[in-house]
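Asker: Generate a structure from the sequence data that follows.
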Amino acid sequence: MSPKSHNHSSRVGITKIEVAVILGMLMVLAAVVIERIKASQAAALRLRCSANMKVLTTATLNWASRNNGRLPDLYEETAIKSGERVRAPWTLRLLIDLDNTQIRRAFDEAPDSISGISLKYFQCPQDTNNFATNGGLSYVANTGYIREDIYTRKTDGCQFAHSPRAIDWKPGGTIDEVDIRIAVSTGCFWPPAPNDDEPLTGWKSMNLDFISSGDGQADTILFTENTLASNWHRADAIHSFSFGVPVVPAEDFESEDGSWLQYKPSFEERLRRLNALPGDASHFKPGSAPRPSSNHDGICIYGFADGSTKQISDAIDWDVYLRLLTPNGQRYGQSTQFLDL
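Answerer: Next up, the predicted model:
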């Protein structure tokens, strides 16, 4: 009698459950790798943006060193070859220090001839509105406290209305030298002074010495990012190449030195916080929000008056931000206090 044979089939392959588990693990790993790649790419883009900002601050300091420490005007009114006078933003002043003398000469010949030029150090690679676009500008200059109706462009002809003469800071009914000193203590870049204001101390003397003797170059912001900036070669309105903080009329607003001021920073602007463009800003008009904004996650990049660059959180304490914005915030009765009056 032959022994009973047992046919044991050996198991081949894997079950569907095991396949599903392996696929799930692969998907998790792929997601982790993709997120790390994205984070690495974002970090690289931030570094490129910081490098651009470093180039701009260095060029500004070089320009100042050739001009007795004075900072460039927010914009200039220059005569071109045809004899016409045109406005050009602060970016044009820096072209020579950015090794682009030929572009500056081309502007002086015919401003429209440079409208098709894209300059990489004026554009953040994460700025989807301006990067690699003709005339695109991602970086804006600190022009301090701005009267709210000018800031929101509610006043007719407000495109160039901002100046040290725009606000009557102290009671008295007239804007005098004291008001101008208070004004220029709130920001770094100002429109050129008209001839009748040249004797007034302050407006013409916005320079690195002024900042150093105030809050210090390492604690004073020159530039930041704004995704709604535009046209480095054309001055359509100061809102397109500058930023600041709106101020509103105030009653009984006591400054840090005990004096009384007639304006204070807008509480609504504080509530918006920094980088507060709602969602996709592509449908907003250029210059409609002259405040810091970027496509970096939770931060904007700032250039300081000592040539350094810093990544600052959008959640920075508002009073700290105001102190960094104002070059001479502890003097001339200018206050960074935020009062809910």
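Asker: burial measure for the nearest residue to Ala161 once chain neighbours are set aside, as a count.
Answerer: Distances taken as C-beta to C-beta, 6 or more residues apart in numbering place Ile150 nearest to Ala161, at 4.9 Å, with adjacent residues excluded. C-beta coordinates here come from the backbone N, C-alpha and C atoms, glycine included. Using other C-beta atoms under 10 Å, Ile150 is surrounded by 24 other residues.
Asker: Wasn't Ile150 part of a helix?
Answerer: Yes. Under DSSP: H, G, I helix; E, B strand; the rest coil, Ile150 sits within a helix.
Asker: Give me the pLDDT value at it.
Answerer: What the model reports for Ile150 is a pLDDT of 89.
Asker: which residues touch it?
Answerer: Cys158, Ala161, His162, Ala166 (C-beta atoms under 8 Å, 6 or more residues apart in numbering).
Asker: measure the third one to Ala141 for me?
Answerer: In this case it means His162. Separation of His162 from Ala141 (C-beta to C-beta, to the nearest Å): 12 Å.
Asker: try the last one
Answerer: Here Ala166 is placed at a distance of 17 Å from Ala141 (C-beta to C-beta).
Asker: Neighbour count for the two, which is higher?
Answerer: Neighbour totals were compared for Ala166 and Ala141, and Ala141 leads with 29 against 18 (other C-beta under 10 Å).
Asker: His115 against His233, yeah?
Answerer: Let me fix one detail, which is that residue 115 is Ser and not His. Yes. Look at Ser115 against His233 with C-beta atoms under 8 Å: they come within range, at 6.3 Å.
Asker: The two: which is more packed in?
Answerer: His233 (24 against 13).
Asker: Could you give the secondary structure assignment for the more buried one?
Answerer: Classification of His233 by three-state DSSP places it in coil.
Asker: The one 10 residues further on too?
Answerer: Secondary structure of Phe243, reduced to three states by three-state DSSP: strand.
Asker: mind checking how far the closest residue to Thr57 other than its chain neighbours is from Ala44?
Answerer: Excluding the flanking residues, the one nearest Thr57 by C-beta to C-beta, 6+ apart is Gly303, at 4.0 Å. Using C-beta to C-beta, Gly303 is found at 19 Å from Ala44.
Asker: more neighbours, those two?
Answerer: Remark: of Gly303 and Ala44, Gly303 carries more neighbours, 26 against 12, as counted by other C-beta under 10 Å.
Asker: Leu223 reaches Val55, doesn't it?
Answerer: Slight slip there: residue 223 is Phe, not Leu. No. Counting by C-beta under 8 Å, Phe223 stays clear of Val55, with 10.7 Å between them.
Asker: any low-confidence regions in the stretch 151-300 of the chain?
Answerer: 154-157, 195-205, 251-260, 271-284 (pLDDT under 70).
Asker: Helices along that one, start to end?
Answerer: For the stretch 151-300 of the chain, the helices defined by DSSP state H, counting those that start in this stretch occupy 177-184, 208-212, 267-272.
Asker: Identify the residues contacting the closest residue to Phe122 other than its chain neighbours.
Answerer: Sequence neighbours aside, Trp232 is the residue nearest to Phe122 in space, at 4.7 Å (criterion: C-beta to C-beta, 6+ apart). Applying C-beta under 8 Å, 6+ apart to Trp232 gives the contacts Pro89, Thr91, Leu92, Leu119, Phe122, Gly135, Gly136, Leu137, Phe241.
Asker: wait, what's in contact with the fourth one?
Answerer: Spelled out, that is Leu119. Leu98, Asn100, Ile103, Trp232 are the contacts of Leu119 under C-beta under 8 Å, 6+ apart.
Asker: Need the phi and psi values for it.
Answerer: Main-chain dihedrals, Leu119, degrees, to the nearest 10: phi -110, psi 120.
Asker: again with the second one
Answerer: Backbone dihedrals for Thr91, given as degrees, to the nearest 10, come out at phi -60, psi -30.
Asker: Check it and give its pLDDT.
Answerer: Per the predicted model, pLDDT is 95 at Thr91.
Asker: Please verify my assumption that it contacts Ala235.
Answerer: No. If you go by C-beta under 8 Å, Thr91 and Ala235 don't touch, sitting 9.5 Å apart.
Asker: Return every residue with contacts to both of the two.
Answerer: Joint contacts of Thr91 and Ala235 (C-beta under 8 Å, 6+ apart) are Phe241.
Asker: where's the nearest residue to Asn231 once chain neighbours are set aside, which helix or strand?
Answerer: Closest residue to Asn231 apart from its sequence neighbours, by C-beta to C-beta, 6+ apart: Gly135 at 4.8 Å. Counting by DSSP states H and E, there is no helix or strand that carries Gly135.
Asker: Next, count neighbours for Gly135.
Answerer: 18.
Asker: again, but for Thr152
Answerer: Neighbour count of Thr152, defined by other C-beta under 10 Å: 16.
Asker: any idea how far the residue nearest to it when sequence neighbours are not counted is from Tyr151?
Answerer: Excluding its sequence neighbours, the residue lying closest to Thr152 (C-beta to C-beta, 6+ apart) is Pro246, at 7.0 Å. As for Pro246, its distance to Tyr151 is 4 Å (criterion: C-beta to C-beta).
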